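Participant: here's a sequence, model it:
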Amino acid sequence: MQAVILIGIQASGKTSFYRERFFDTHIRLSLDMLHTRHRERLLVKSCLSARQAFVIDNTNSRTADRAIYIELARQAGFRVIGYYFQTELDAAIARNLKRQGKQAIPVKGVIGTFKRLEPPTRDEGFDELYSVRLDPESRFAVSSYPPQSGTCAASGPRDQ
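Facilitator: Below is the predicted model:
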């Protein structure tokens, strides 16, 4: 079973990536939807108990934020896979400005998350770690992270 952790600032493509890659196989857990950490914890524990693959679709900008999910997932025998959305701040702000209603984040919030963002490392407990960027055609380009010399873009795991 997989516990997938998406990492990146707002409007970097995390939710779109989830829809493209994991919608049919993984439960999506997001504070945007659940609104409280209590609800989120209940659903994470339910996924772990049911052996259901899931995706944490939050900014997960700090190592400490990610550590909670990684520890619980590893204790339950899940593989922990991280996707780090490497996005230019200006590009994320431009995408965010196109959002409507509650989906639009105040620009100060996007900048604040960008300043707090701690790039992930395998030492945190990830079994696999990938970088995600939007290519010029707005498609997701996924590669190993940190980049290894002589490697090319990979699609990364999609299911389980």
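Participant: show me where the chain has strands.
Facilitator: In the chain, the segments counted as strands under DSSP state E are 2-7, 27-29, 54-57, 79-85, 128-134, 140-144.
Participant: for the ones you listed, give me TSV that also has mean pLDDT, distance to residue 35 and mean neighbour count.
Facilitator: Glycine gets a C-beta too; all of them are placed from N, C-alpha and C. As requested, the strands of the chain are exported to TSV (pLDDT from 0 to 100; distance: least, CB to CB, whole Å; neighbours: other CB atoms under 10 Å):
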stretch	mean pLDDT	distance to residue 35	mean neighbour count
strand 2-7	98	18	26
strand 27-29	98	12	18
strand 54-57	98	14	25
strand 79-85	98	23	23
strand 128-134	96	26	20
strand 140-144	95	27	17
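Participant: helices of the chain, residue ranges please.
Facilitator: Ranges of helices within the chain are 14-21, 31-34, 37-50, 63-75, 89-97, 107-116, based on DSSP state H.
Participant: before we move on, the earlier item: what about the strands of the chain, which gets the closest to residue 16?
Facilitator: strand 140-144 (8.0 Å; CB to CB).
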